[in-house]
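*Asks:* this one's sequence-less:
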């Protein structure tokens, strides 16, 4: 059996990769992808803990809600990206910098 | 007649690359089979075989049977479609290779195998090669949960229906990938249309499936069939006859959505040849093209089989039960699919979406709510 | 602490149910009025929204009783704190709804979805402020966020609105992802999602001894999510940009609703999950992490940065954004002292803040309707055109400064006295210095409005107020003027609000 | 054999997950990044299955692959010039980004490995669907209802934003 810590380390790696993408990517859609990696990392944690620590399905229910929320969030986020694209004809974040000060 | 040297080389290299592609295809099919293999190890034949034999024998049988089924079935279906089309249009169709052209598809397959393997300039080569495998994987991995008889199911997953809906969505990704990688605007439009269509129609499909799940109380396909056994003549317990006729609506909805999910007429705008050349597979040729074809017919067969399982009692029949019953029911539904294709005109893209969002989804919710109320009242 | 099941919880849940039904009703009214003229249609959707909010407000007042319980199997709390905030949220939504009616920015867009979103945010703010379960906190917070992303980007043909929305959603998604990761680790550490069970688990000495670093990481990660909603340093980046880009009524709403709810989550999380009552009005931390210091540092940084950055702003909305960051710092002071007085001070501050901040934004909306600009320099000469409006703005700004006769002073007095009572004199001094810095930029606006002349030679034409805005200004300004007279009421509210779930 | 197989599966999917995540964050081609996400989501689903959460694994594939990934692909393809494959995605602050994320990774791993998680005895894996359904209808009924409000609003908001017509 794979011990709990293995899953947690993999989740941490995934989370850090998401963070890295977030900090370095310019394209808004790519940033959103990196954020999805972070959500997935948290979900792995939740499910691993629900298997190894609590032994019930509470963590899985939480993960289920996270998936629902992630879906809603990416739908709205991509809608905003599309809407901005119509105005700017591009979705690189440094371009979207009319708001400054 | 001796071939000129360059031509010979070209032929050999084409044949070799086809073999490589074929080999890779085999590998992918095996990957698609992993859930089935796992299922086999877990429950499948384990009870009937001795422990030492279990793993080896069941893997061999499972893989062998499934590979045979999913590779040979589409070939037969393609021949069937051509014959049906021909007879609907008052002609004979393929007649030359074998009895009534029954071997025509094999000849075509052989031809495709030896065709030059073209990858267009400017294509994203990696994704271009990956797309057909993904599509065929999505279509065939779903077969893992299809029960053919009492205990005759490759992987008796207790989330079987969820797995079936989920894994078929891989096909949409594969098509989108093909459309993108081709670097051809018709292909891209076709791919995007197709993905939009599949994703939209997944909603009513899932809701209709849920209405059946509510009536069964399980996501396991074997349980779905078990719930339909008995009744007068072994027929009246089928779901299509239950819920005061509302399940008939569910059945029709599911069948319509099935057509749309597999991009069949009248919902075949993704590959509408009059608008988009051939849609997402415009640039594909040879073996890879054949893969898309196989995937389409595999998906057709699976959708028909799932319809039969959900509403028509699956492998349990009026007189006798078994794999053959399911096969006959499925073929009957496949025949209706083909019949529709050669009868109905194609929908426009806005009509297609309006049909889904304005009609199918609300109606499917009505069926689901009715099933839920019936369940509450019944208990 | 009583734990109620679903059915018996419903009677305490009437305002929320009213809000959910009215949001569906508004959606329905919007659909059936598709073929009407624009003004008719606006009426058809505004009226049900208003009715829903008013009815919900009525029930929220009626429901502010003495009971205290964990509703829906300990998902949300029913207690004094929550009841006060519930009224606060609904009241601020009513104000914002009336702000939108004649706003020039929102004149050309259809209001249907905006009002549905407003109702959704209102109801989910209530859920967010009352959640006592990690999953509820996360879900309610995300509902607030997702609805407000759309509200910020509501002017879809406007570049600023869209950019603000994109920034908001990216920062929001990042911070919520970070918070989620922290929550998942906390779930693993304590084996529970219920805040009170988490507190019980963290009181266990065995866990405390070995989990110091883990708890530290968890607190930092979760603070990222809450800090985003409160707009405290270092998660305040989005705030000026989003406040500037969003339609002004939405900005006004964001500066009150989600911020207050963020503080409510902070209180629920830290007072409910990570500390326990220690006699009298004091709380003691559980676990081995000194999070009180973290909160104090964040509070000091937040108000200093907010005030200093506000000094150089030329755009009114941006200036008010930094001012709201600074005010978040003052509210945070109340949260960091770990006493009942601290919570009282926070709630008192938030109640007063609602009136003064919404008032200031209303003046901004009115001025923008007239002159079409948010630049401070364009405010020159307003005094000659609209003396009453300028005076009213003066009251709001003096209140925000915390000058004695006005209500803002009362709010600051609450916070500073709570801090001094907890024996943190230096903390109060920092707050005082910050208030002094803050006075500068507020006075600058006033100076522009009163002293600077209008450069245009044409005679100033008087600014005509919409009657609805005049009424709103009156409602908002009166509590600010008679601030000191309201002391008694505020005191009662504050004391009532201190009744957190298990400390009555 | 019995003990080796899960390990092999674990490492295969770990490699697949992290490798494809690397493509997502390091790759220069946006569309490839989106398709690499497919492998990430898939291997996360495999992790769920290994952890005995079969229902969640199905939902992960259904929602992430069937929904979110398709959405991302549409997002990529609609917000870029879609002809020609030079779909570069630029990066910036590579060094500081790497530094920050490596630090975070180091901290997280240290915490994860040093904290004694209070583990219980493993229960037999079984179907989780009924248990999840029961929890959703009893203890978590309020979150369930809130989620429905959230879905409604997200649908409404997203549709409002992308509708091209500026309606009055």
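*Replies:* That came in fine, so what should we check first? This is a predicted model, so every value here is computed, not measured.

*Asks:* For chain A, which segments are assigned as helices?
*Replies:* All helices of chain A, identified by DSSP state H, fall at A:4-24, A:28-49, A:58-88.

*Asks:* so what's the closest residue to residue B:182 other than its chain neighbours scoring on pLDDT?
*Replies:* In this structure, residue B:182 finds its nearest non-sequential neighbour in residue B:283, 4.0 Å apart by C-beta to C-beta, 6 or more residues apart in numbering or on different chains. From N, CA and C alone the C-beta is placed, and that goes for glycine too. We have a pLDDT of 76 for residue B:283.

*Asks:* tell me the contacts of the residue nearest to the spatial centre of chain D?
*Replies:* The residue lying closest to the centre of chain D (C-alpha atoms, centre = their mean) is residue D:41, at 5.1 Å. Counting by C-beta atoms under 8 Å, 6 or more residues apart in numbering or on different chains, residue D:41 makes contact with A:40, D:60, D:61, D:64, D:65, D:68, D:69.

*Asks:* what about the helix or strand containing it, distance to the chain center?
*Replies:* In the assignment (DSSP states H and E), residue D:41 maps to helix D:30-50. Helix D:30-50 has its C-alpha centroid displaced from the chain centroid by 7 Å (C-alpha atoms, centre = their mean, to the nearest Å).

*Asks:* With stretch C:111-122 instead?
*Replies:* Centre-to-centre, stretch C:111-122 and its host chain are 17 Å apart (C-alpha atoms, centre = their mean).

*Asks:* Then stretch D:24-44?
*Replies:* With C-alpha atoms, centre = their mean as the basis, stretch D:24-44 stands 11 Å off its chain's centre.

*Asks:* now stretch C:21-34
*Replies:* On C-alpha atoms, centre = their mean, the centre of stretch C:21-34 falls 27 Å from that of its chain.

*Asks:* So that stretch, near chain D or not?
*Replies:* Yes. Using C-beta under 8 Å from any C-beta of the partner chain, we find that stretch C:21-34 touches chain D at C:23, C:27.

*Asks:* Can you tell me what sits against that stretch?
*Replies:* The contact list for stretch C:21-34 (C-beta under 8 Å, 6+ apart) reads C:40-41, C:44-45, C:48-49, C:51-53, C:55-56, C:112-113, C:115-116, C:119-120, C:123, D:149, D:156.

*Asks:* how about 7 Å then?
*Replies:* Stretch C:21-34 is contacted from outside by C:41, C:44, C:45, C:48, C:49, C:52, C:112, C:115, C:116, C:119, C:120, using C-beta atoms under 7 Å, 6 or more residues apart in numbering or on different chains.

*Asks:* could these go into a markdown table alongside secondary structure, distance to residue C:502 and neighbour count?
*Replies:* Output for these, formatted as a markdown table (DSSP: H, G, I helix; E, B strand; the rest coil; distance: C-beta to C-beta, whole Å; neighbours: other C-beta atoms under 10 Å in any protein chain shown):
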| residue | secondary structure | distance to residue C:502 | neighbour count |
| --- | --- | --- | --- |
| C:41 | helix | 48 | 20 |
| C:44 | helix | 45 | 16 |
| C:45 | helix | 42 | 23 |
| C:48 | helix | 38 | 21 |
| C:49 | helix | 36 | 27 |
| C:52 | helix | 32 | 27 |
| C:112 | helix | 42 | 23 |
| C:115 | helix | 37 | 26 |
| C:116 | helix | 36 | 26 |
| C:119 | helix | 31 | 30 |
| C:120 | helix | 30 | 27 |
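
*Asks:* which of those residues sit farthest apart?
*Replies:* The most widely separated members of the contacts of stretch C:21-34, counting by C-beta to C-beta, are C:41 and C:120 (20.0 Å).

*Asks:* re earlier: which among the contacts of stretch C:21-34 are in contact with chain D?
*Replies:* Counting by C-beta under 7 Å from any C-beta of the partner chain, C:116, C:120 from these sit close to chain D.

*Asks:* how far away is residue C:36 from residue C:116?
*Replies:* Distance of residue C:36 to residue C:116, given as C-beta to C-beta, to the nearest Å: 17 Å.

*Asks:* Which residues of chain A lie near chain C?
*Replies:* Near chain C, when you scan chain A using C-beta under 7 Å from any C-beta, you find A:15, A:22, A:28, A:31, A:35, A:38-39, A:41-42, A:45-46, A:49, A:53-54, A:58-59, A:62, A:65-66, A:69, A:72-73, A:76-77, A:80-81, A:83-84, A:87, A:96, A:98-99, A:101.

*Asks:* what about 6 Å?
*Replies:* A:15, A:31, A:35, A:38-39, A:42, A:45-46, A:49, A:53-54, A:62, A:65, A:69, A:72-73, A:76-77, A:80, A:83-84, A:87, A:96, A:98-99, A:101 (C-beta under 6 Å from any C-beta of the partner chain).

*Asks:* and those residues, which are buried?
*Replies:* A:15, A:31, A:35, A:38-39, A:42, A:45-46, A:49, A:53-54, A:62, A:65, A:69, A:72-73, A:76-77, A:80, A:83-84, A:87, A:96, A:99 (16 or more other C-beta atoms under 10 Å in any protein chain shown).

*Asks:* Would you pull up the residue in chain B closest to chain C?
*Replies:* residue B:358 (13.0 Å; C-beta to the nearest C-beta).

*Asks:* For residue C:135, see how far away that residue is.
*Replies:* Look at residue B:358 and residue C:135: by C-beta to C-beta, they are 35 Å apart.

*Asks:* for residue C:407, same thing?
*Replies:* In terms of C-beta to C-beta, residue C:407 sits 37 Å off from residue C:135.

*Asks:* neighbour-wise, which of the two wins?
*Replies:* Between residue C:407 and residue C:135, residue C:407 has the larger neighbour count (other C-beta atoms under 10 Å in any protein chain shown), namely 31 against 25.

*Asks:* pLDDT wise, what is that one at?
*Replies:* You'll see residue C:407 listed with a pLDDT of 89.

*Asks:* residue contacts, residue C:61?
*Replies:* Residue C:61 makes no contacts at all, as judged by C-beta atoms under 6 Å, 6 or more residues apart in numbering or on different chains.

*Asks:* shaky segments in chain D?
*Replies:* Low-confidence segments of chain D, defined by pLDDT under 70: D:1-3, D:80-91, D:164-168.

*Asks:* Closest to chain A out of the contacts of stretch C:21-34?
*Replies:* Nearest to chain A among the contacts of stretch C:21-34, counting by C-beta to the nearest C-beta, is residue C:120 at 11.9 Å.

*Asks:* which one is the one residue in the stretch 401-504 of chain C that gets nearest to chain A nearest to, not counting chain neighbours?
*Replies:* With C-beta to the nearest C-beta, the shortest gap between the stretch 401-504 of chain C and chain A falls at residue C:441, namely 13.7 Å. Spatial nearest neighbour of residue C:441, chain neighbours left out: residue C:310 (4.8 Å); criterion: C-beta to C-beta, 6+ apart.

*Asks:* isn't the one you found right up against residue C:319?
*Replies:* Yes. Judged on C-beta atoms under 6 Å, residue C:310 makes contact with residue C:319 at a distance of 5.4 Å.

*Asks:* Specify which residue of the two has the higher count of neighbours.
*Replies:* With neighbours defined as other C-beta under 10 Å, residue C:310 and residue C:319 compare such that residue C:319 has more, 27 against 24.

*Asks:* give me the element the more buried one is part of.
*Replies:* Here residue C:319 is assigned to helix C:316-336, by DSSP H and E.

*Asks:* I'd like to know the average pLDDT value across that helix.
*Replies:* 92.

*Asks:* And for stretch C:438-447?
*Replies:* Mean per-residue pLDDT for stretch C:438-447: 89.

*Asks:* before we move on, back to that, gap between the residue of chain B closest to chain C and residue B:265?
*Replies:* Counting by C-beta to C-beta, the gap from residue B:358 to residue B:265 is 21 Å.

*Asks:* between the two, which one's more packed in?
*Replies:* residue B:265 (19 against 10).

*Asks:* which ones are touching the more buried one?
*Replies:* Contact analysis of residue B:265 by C-beta under 6 Å, 6+ apart lists residue B:341.
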